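Chemist: have a look at this fold, sequence not included:
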């Protein structure tokens with residue numbers, strides 16, 4: 001086989017239809033868009049508008065409850081905290097502000113919540129807005145303390 005003998009399988013590619021290229025093309029003059037109206041013109045289409053019919057997204061039932069004043073926490077895993085301490089970016093006395101300064105958390109939002117993914121080997125003293133039960137157990141097992149405060153969430 002030579003390079004000039006390479007061919008695609010028959011039927012693998014299909015030429016695109018060039019619309020508006022004369023009556024002989026089969027898609028000339030109006031290019032399959034019909035006569036006048038919004039859809040015949042370029043650049044206009046109202047998304048989800050169904051011509052006065054009730055749109056699908058309104059016909060379907062709503063599910064669940066979206067709490068309007070829900071708290072959004074910045075999430076940190078214990079494994080990442082350990083890695084940042086090894087890198088010298090954090091000390092063993094950890095607050096929400098020190099997590100932001102080190103770059104582990106971009107912003108506090110409504111507070112910082114610590115989760116238990118990863119291992120803790122050092123004795124840590126952590127003070128944050130929230131923590132999972134397993135994270136608290138993991139820190140205390142390593143001989144440290146994880147204090148959950150709610151004062152910083154009120155700020």
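Modeler: Now that the structure is in, tell me what you want to look at. These numbers come from a predicted model, not from an experiment.
Chemist: just the residues contacting stretch 41-49, thanks.
Modeler: Outside stretch 41-49, the residues that touch it by C-beta atoms under 8 Å, 6 or more residues apart in numbering are 38, 39, 55, 56, 57. Using the backbone N, CA and C atoms, a C-beta is placed for each residue, glycine as well.
Chemist: that stretch - what's its average pLDDT?
Modeler: The pLDDT scores in stretch 41-49 average 83.
Chemist: can you pull the contacts of the residue located most distally from the centre of the chain?
Modeler: Within the chain, the residue lying farthest from the chain centre (C-alpha atoms, centre = their mean) is residue 24, at 49.3 Å. Under the criterion of C-beta under 8 Å, 6+ apart, the contact list for residue 24 is empty.
Chemist: low pLDDT regions in the protein?
Modeler: Along the chain, the parts satisfying pLDDT under 70 run over 151-155.
Chemist: walk me through the domains of this protein.
Modeler: What automatic domain parsing lists as the domains of the chain is 18-61, 74-154.
Chemist: now the end-to-end length of the shortest one.
Modeler: Across its full length, domain 18-61 reaches 42 Å between end residues, using C-alpha to C-alpha, to the nearest Å.
Chemist: what segments of this structure are helices?
Modeler: Assigned by DSSP state H, the helices in the chain fall at 56-59, 78-86, 96-102, 133-141, 151-154.
Chemist: can you add mean neighbour count and give those back as a markdown table?
Modeler: As requested, the helices of the chain are exported to a markdown table (neighbours: other C-beta atoms under 10 Å):
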| stretch | mean neighbour count |
| --- | --- |
| helix 56-59 | 9 |
| helix 78-86 | 18 |
| helix 96-102 | 17 |
| helix 133-141 | 16 |
| helix 151-154 | 12 |
